[in-house]
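Student: sequence first, predicted coordinates after that:
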Amino acid sequence: MDLKAYLRSRQRKIDRALDRYLPRANTKPATLHKAMRYSLFAGGKRLRPILCLAAAEACRGNIDDALPLACALECIHTYSLVHDDLPSMDNDDFRRGRPTCHKVFGDGIALLTIAFEIVSRAKPAPRYNISALLREISVAAGSQKLIAGQVADLEAEGKDVKRDQLQFIHENKTAAILKSSVRLGAMSANAEPKKLFAITRFGQRLGLAFQIIDDILDVTQTSEILGKSAGKDVAAKKATYPAVIGLEKSRAEARRLTRQAHNALSMFSSSDAEPLHVLANYLLEREY
Ligand code: GRG
């Protein structure tokens with residue numbers, strides 16, 4: 001599988017669909033719709049929607065059926081980044097290689113609400129109706145997952161955090177949306193329960209590994225490479241894996257979790273699950 005070509009073609013497909021789903025930039029109020037497009041088309045890697053489509057493929061679904069769900073996930077993710085950068089949160093001026101949304105337009109939550117509108121366009125599967133799909137994404141974005149992780153993360157700043165608290169933060173602020181990304185892909189493909197269970201385990205392990213790698217990159221990479229301010233975690237005394245268990249142990253943990261993610265897919269044929277395996281390796285390799 002040619003990873004570069006695969007990523008490029010998936011990114012193009014997702015970008016075209018997002019462009020269709022979003023109001024034009026000149027729709028009133030234009031500042032709001034410009035801000036939504038500014039953040040959404042700022043060059044994000046589209047990992048969550050790509051994982052969603054890959055999970056649909058693994059379950060032999062049609063990726064076009066998963067496309068609205070993939071786009072809704074990217075909206076939730078981008079909304080969370082816009083919020084994360086606000087002065088009252090991580091207070092950052094730089095994201096996806098350009099000034100943060102609030103620096104250019106002020107504050108915005110519109111990407112959150114449009115996500116649910118986009119989910120409503122999805123084609124339900126026999127086992128998973130629209131209400132199941134909506135529940136999946138709402139819970140992942142809600143006060144016991146994404147927001148729980150973010151609040152715990154903010155509250156942990158400057159404190160001596162134990163490993164189980166750190167895992168709680170990472171599992172909720174990051175892994176929950178990644179896990180739902182692959183679950184929604186599988187649900188759109190009408191996955192049978194045991195396949196959905198396997199995909200869930202894959203997403204949970206991969207999601208945790210992903211945030212650990214993100215922590216590592218904040219220490220080891222430059223702002224230019226990351227497209228966001230590097231070294232902020234140490235400066236803000238954030239709860240991160242390198243801070244709590246050290247860089248080498250963090251790397252080993254990310255590798256261990258990625259191995260578990262691969263193993264979770266053992267019931268899938270290697271050709272069905274190839275994109276998921278390749279994506280898991282790609283995320284791990286970002287570490288270097
Ligand atoms: C309303 C209190 C409240 C919270 C909203 C702000 C928030 C919820 C959550 C923030 C969660 C957060 C920032 C998690 C970090 C996830 C992460 C590792 C992001 C980077 O993902 P990439 O590398 O980025 O996929 P791109 O830009 O490529 O999409």
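Tutor: Happy to help now that I have it.
Student: the lengthiest helix in the chain close to the ligand?
Tutor: Identified as the longest helix of the chain according to DSSP state H is helix 193-220. Yes - Helix 193-220 lies within reach of the ligand by CB under 6 Å from any ligand atom, at Gln211, Asp214. The way it works is simple: take the backbone N, C-alpha and C, and place the C-beta from them, glycine included.
Student: which other helices and strands contact that helix?
Tutor: Identification of packing neighbours for helix 193-220 by 3 or more CB pairs under 8 Å, 6 or more residues apart in numbering; DSSP states H and E yields helix 47-58, helix 163-170, helix 176-188, helix 232-235, helix 241-245, helix 247-264, helix 270-285.
Student: figure out which of the ones you listed is closest to Asp93.
Tutor: Nearest to Asp93, of all the helices and strands packed on helix 193-220, is helix 232-235, at 10.8 Å by CB to CB.
Student: so which elements touch that closest one?
Tutor: If you count contacts as 3+ CB pairs under 8 Å, 6+ apart, helix 232-235 packs onto helix 193-220, helix 241-245.
Student: run the chain-centre distance for stretch 250-266.
Tutor: Between the centre of stretch 250-266 and the centre of its chain there are 18 Å (CA atoms, centre = their mean, to the nearest Å).
Student: hmm, I was thinking of stretch 271-280
Tutor: What separates the centre of stretch 271-280 from the centre of its chain is 17 Å, taken as CA atoms, centre = their mean.
Student: cool, and stretch 51-64?
Tutor: Between the centre of stretch 51-64 and the centre of its chain there are 16 Å (CA atoms, centre = their mean).
Student: that one near the ligand anywhere?
Tutor: No - residues of stretch 51-64 are not located near the ligand by CB under 6 Å from any ligand atom, the shortest gap being 10.1 Å.
Student: state the mean pLDDT of that stretch.
Tutor: Averaging pLDDT along stretch 51-64 yields 98.
Student: so who does Gly227 touch?
Tutor: Gly43, Phe94, Arg95, Arg96, Gly97 (CB atoms under 8 Å, 6 or more residues apart in numbering).
Student: need the buried ones from these selected in PyMOL.
Tutor: Buried residues among these (16 or more other CB atoms under 10 Å), as a PyMOL selection:
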select buried, resi 94+95+96
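Student: and this protein, which of its residues are near the ligand?
Tutor: Residues of the chain lying near the ligand (CB under 6 Å from any ligand atom): 44-45, 47, 77, 80-81, 83-84, 89, 96, 146-147, 150-151, 173-174, 211, 214.
Student: looking at these, which are in helices?
Tutor: Those of the residues of the chain next to the ligand mapping onto helices are Leu47, His77, Ser80, Leu81, His83, Asp84, Leu146, Ile147, Gln150, Val151, Gln211, Asp214, per DSSP H.
Student: what's the farthest-apart pair in the residues you listed?
Tutor: Leu47 and Val151, at 23.5 Å, using CB to CB across those.
Student: give me the more crowded residue out of these two.
Tutor: Counting neighbours by other CB atoms under 10 Å for Leu47 and for Val151 shows that Leu47 has the greater number, 22 against 15.
Student: give the burial count for the closest residue in space to that one that isn't next to it in sequence, as a bare number.
Tutor: Closest residue to Leu47 apart from its sequence neighbours, by CB to CB, 6 or more residues apart in numbering: Leu283 at 7.3 Å. The local packing of Leu283 (other CB under 10 Å) involves 21 other residues.
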